[in-house]
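A.B. asks: sequence below, structure please.
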Amino acid sequence: MSRSPVLFLTVAIVGAFLVLATRLSTPGETAEQFQQRIVLAEKDLTPPEPELDEAQKALEQELVELGENFDGVTGIAVTEADTMATMAHDGDTPFPQQSVSKLWVAMTALDLVDNGALDLEEPVTLRSEDLTVFYQPTRNIVRSRGSFSTDYGDLLDRAITQSDNTANDRLLRRVGGPQAVEAFMRRNGIAGVQFGTDERTKQSEIAGLEWRQAYSIENAFYEARDRVPDEERRRAFNAYLSDPMDGAKASAMAKALARLARGDLLSEESTDLILSTMEETKSGPRRLKGGVPNGWTFGHKTGTGQFFDGVQSGYNDVGILTAPDGSQYALVVFIGRTRASYAARMEMMQEVTRSVVRYHEAKSTANAA
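C.D. replies: Below is the predicted model of the structure:
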């Protein structure tokens, strides 16, 4: 896997523009206005998508029907890695990523590795002040031993394969925080996706709380959340869903994952590492992965948000599906909010995978004829 020459030139132009724009920023221009100009510039430099052929249009119609028939707000996208053709349902609406955003932390870390700024064998020790909220298997180790010594490669693996919030947030601090992750995405011309912040801050804000380290102990976070008045919690919950701090458009996410699969974002070694790590993901075996047939492989990352007043927020799965012949597809399903059963959610996701498999097999048969 190697970086595309055209993509490399595009990123170089984006970088040059960023330098020039920094020097020529308009007096009195806000940071938000400046960032909007940068994002627009990135979009202008993105190569045009290929026009969809009839088979791709048929696949897109299947995705649209799956989305429209689902009891919830959802964005679905599939990008064919070799052509970058993207088929989508509601692909341009930002959806909450939740733990899908851990992928960006991992990629930022591997980008540092590629540039000699991080060794994954660098030691790190987790202590009580590093603990976060919700799912964090490392918490039990820290609580029983008082601390946990490991390395950043292990934290990256735990963040992706186990969706460990503490491992992710400690890795995030090492790479330079949310600003460093956003910078990685902007340098690579990834528009339509924003990282947001660390898990403890994000989950607290969604619940109408301000993070306190005491919340990392036992059920303290849940108890504090239960004390938030319903109206305040509803306001915070709906504000997040209306404008998620970690918002990502399904089409933009699928294109970024396809570029990852192609080797456009990281070195060959780092690309192989993150793709193989994603294949070891333990969470969500019955989401998109549940529709993967024998002979195919699938590396993915799930994301699951908070539940309030009968509504599930941010029930997601994204990944890279590889056919027996090596063809790769980036699959993204974001469910912004839903009251549907878990079975219905997983069945819809699995059908997205099956639709892509049918599309690929029909294409392969046609090409062989």
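A.B. asks: next one: Thr322 from Gly299, what distance?
C.D. replies: Noted for Thr322: a distance of 8 Å to Gly299, by Cβ to Cβ, to the nearest Å. Using the backbone N, CA and C atoms, a C-beta is placed for each residue, glycine as well.
A.B. asks: one more: Ser204?
C.D. replies: 30 Å.
A.B. asks: of Thr322 and Gly299, who's got more company?
C.D. replies: Set Thr322 next to Gly299 and count neighbours by other Cβ atoms under 10 Å: Gly299 wins out with 23 against 20.
A.B. asks: any idea how far the residue lying closest to that one once chain neighbours are set aside lies from Ala191?
C.D. replies: Distance criterion Cβ to Cβ, 6 or more residues apart in numbering; nearest residue to Gly299, sequence neighbours excluded, is Met278 at 3.0 Å. Noted for Met278: a distance of 23 Å to Ala191, by Cβ to Cβ.
A.B. asks: kindly report the same for Gly326.
C.D. replies: As judged by Cβ to Cβ, Gly326 and Ala191 stand 28 Å apart.
A.B. asks: neighbour count: these two, which is higher?
C.D. replies: Legend: neighbour count by other Cβ under 10 Å for Gly326 and Ala191, higher for Ala191 (22 against 8).
A.B. asks: returning to what we had before: look up phi and psi at the residue nearest to Gly299.
C.D. replies: Phi and psi for Met278, reported as degrees, to the nearest 10, are phi -60, psi -30.
A.B. asks: roughly how far is stretch 216-223 from the heart of the chain?
C.D. replies: Relative to its chain's centre, stretch 216-223 lies at 26 Å (Cα atoms, centre = their mean, to the nearest Å).
A.B. asks: now that stretch - C-alpha only, PDB.
C.D. replies: Extracted C-alpha coordinates of stretch 216-223, given in PDB (Å, rounded to 0.1, in the frame of the first residue of the first chain):
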ATOM      1  CA  SER A 216     -14.700   7.600  37.400                       C
ATOM      2  CA  ILE A 217     -15.300   5.600  40.500                       C
ATOM      3  CA  GLU A 218     -17.800   2.800  40.600                       C
ATOM      4  CA  ASN A 219     -21.300   4.100  39.600                       C
ATOM      5  CA  ALA A 220     -20.600   7.700  40.600                       C
ATOM      6  CA  PHE A 221     -21.200   9.000  37.000                       C
ATOM      7  CA  TYR A 222     -24.600   7.300  36.700                       C
ATOM      8  CA  GLU A 223     -25.600   8.500  40.100                       C
END
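A.B. asks: show residues contacting that stretch.
C.D. replies: Residues from elsewhere that reach stretch 216-223, judged by Cβ atoms under 8 Å, 6 or more residues apart in numbering: 128, 131-134, 139, 200, 203-204, 207, 209, 214-215.
A.B. asks: show me which of those residues are buried.
C.D. replies: Buried members of the contacts of stretch 216-223, scored by 16 or more other Cβ atoms under 10 Å, are 131-134, 139, 200, 203-204, 207, 209, 215.
A.B. asks: among the residues you listed, which are located in helices?
C.D. replies: Residues of the buried ones among the contacts of stretch 216-223 located in helices (DSSP state H): 139, 200, 203-204.
A.B. asks: got the residues you listed as a markdown table, with pLDDT and distance to Asp154 columns?
C.D. replies: Converted to a markdown table, those look like this (pLDDT from 0 to 100; distance: Cβ to Cβ, whole Å):
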| residue | pLDDT | distance to Asp154 |
| --- | --- | --- |
| Arg139 | 95 | 15 |
| Arg200 | 97 | 20 |
| Gln203 | 98 | 23 |
| Ser204 | 98 | 26 |
